[in-house]
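**Q** Build me a model from this:
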Amino acid sequence: MWRKTANSREEMPDGSMIQDRDPLTAPSTRRNPVLADVFNRLGYMERKGSGFGKIIGGYEFQINYNETKRPSFRSDRYQFTVVMPNLNYNRIQNVPQNNLKNPLDIQILNMINKNNKISTEKMAMTLGISSKTVKRHIKEMDMVQFIGRGSNGHWEIQKKEKRKMIKILFICHGNICRSTMAEYVMKDLVKKANLESSFYIDSAGTSNEEEGNPVHYGTQNKLREEGIPCGNHRARQITRRDYEEYDYLIGMEQWNIRNINRIIRKDPEHKVHLLLEYSNQPRDIADPWYTGNFDATYADVKEGCEAFLQYLVENEPIY
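**A** I've put the predicted structure just below:
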């Protein structure tokens, strides 16, 4: 489900239509001001205003929020409707949240970066967890400190020793179809996860048959169809030096793996892997240069890249 729609048999107190107004300044009439104050202290509603700001603000602090996923409001004489897009639609799911590298820590850091005066209570409401849990995660992230006291204080993220980028080289036979598709799909995934600074991603081939040629038009068309940017990569053959330069050498099929090992000769650091070995169904990815089915190849590449990124988030020092 990509969104949630809620309806209420209510209208704006002054009879106006909410879609014609700025939801951040729309007024509200409290039937019971005392009860409203109690609920405000509990964090369930705003002391003044309509509460739209709380809904919108909660979305804007999420790491995968963008303007296309902004909650929308509309009303007529008979009902009031709120549409709340699912921020996790088409996102990597089931990433464990039990260590410093997990997405919850990244979301907390993202909120602090956006507003260094945000309270732990506000973070907790936004994330749907307790403030005690937020404080525990912040304590474990020793790079975060609160300077000052109360509303006059602010958060600071201490600069730590720069971590080495994770360098990934996707590899297929000619470096014009599958490996380039994986390169740009993975780049798109890490960008959407706000992890671009943690990765260097490229691709190559085991042969020199296509050396210097651009990305295959079938791959370009499929990436364009999926809304994924495709750069100006030119095919090249892998070398033994690539083994020293990259942390992961990812092949598309067993034939690629055999040719990679033939070129690098030894893999003492266990850097060579099959992309779909990270998925629940390890298998080869068919070469669309022969099959002509770029849709099937894209589905396999996307599955593999999502699973691979999940593995990296769990096992590498990413934040």
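
**Q** Every contact and neighbour count from this point should use C-alpha atoms.
**A** OK.

**Q** which stretches of the stretch 151-300 of the chain form strands?
**A** Taking DSSP state E, counting those that start in this stretch, the strands of the stretch 151-300 of the chain run over residues 154-157, 166-172, 199-205, 248-251, 272-274.

**Q** now the helices: where do they sit in the stretch 101-250 of the chain?
**A** 103-114, 120-127, 131-140, 178-192, 217-225, 240-245 (DSSP state H, counting those that start in this stretch).

**Q** Make JSON lines from these and add mean neighbour count and mean pLDDT to it.
**A** Converted to JSON lines, the helices of the stretch 101-250 of the chain look like this (neighbours: other C-alpha atoms under 10 Å; pLDDT from 0 to 100):
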{"stretch": "helix 103-114", "mean neighbour count": "19", "mean pLDDT": "84"}
{"stretch": "helix 120-127", "mean neighbour count": "18", "mean pLDDT": "88"}
{"stretch": "helix 131-140", "mean neighbour count": "15", "mean pLDDT": "87"}
{"stretch": "helix 178-192", "mean neighbour count": "23", "mean pLDDT": "97"}
{"stretch": "helix 217-225", "mean neighbour count": "16", "mean pLDDT": "97"}
{"stretch": "helix 240-245", "mean neighbour count": "14", "mean pLDDT": "93"}
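
**Q** quick one: which of these is nearest residue 279?
**A** Residue 279 lies closest, by C-alpha to C-alpha, to one member of these: helix 178-192, at 14.4 Å.

**Q** now that closest one against strand 166-172, angle please.
**A** 150 degrees (axes from the mean of the first three to the mean of the last three C-alpha atoms, to 10 degrees).

**Q** what helices or strands is helix 178-192 leaning on?
**A** In terms of contacts (3 or more C-alpha pairs under 8 Å, 6 or more residues apart in numbering; DSSP states H and E), helix 178-192 is packed against strand 166-172, strand 199-205, helix 217-225, helix 294-315.

**Q** what comes into contact with the longest one?
**A** With C-alpha atoms under 8 Å, 6 or more residues apart in numbering as the test, helix 294-315 has contacts from 92, 95-96, 101-102, 178, 181-182, 185-186, 189-190, 218-219, 222, 275-279, 285-288, 318.

**Q** again, but for the third one
**A** Identification of contacts with helix 217-225 by C-alpha under 8 Å, 6+ apart yields 176-178, 180-181, 185, 229-230, 294-295, 298.
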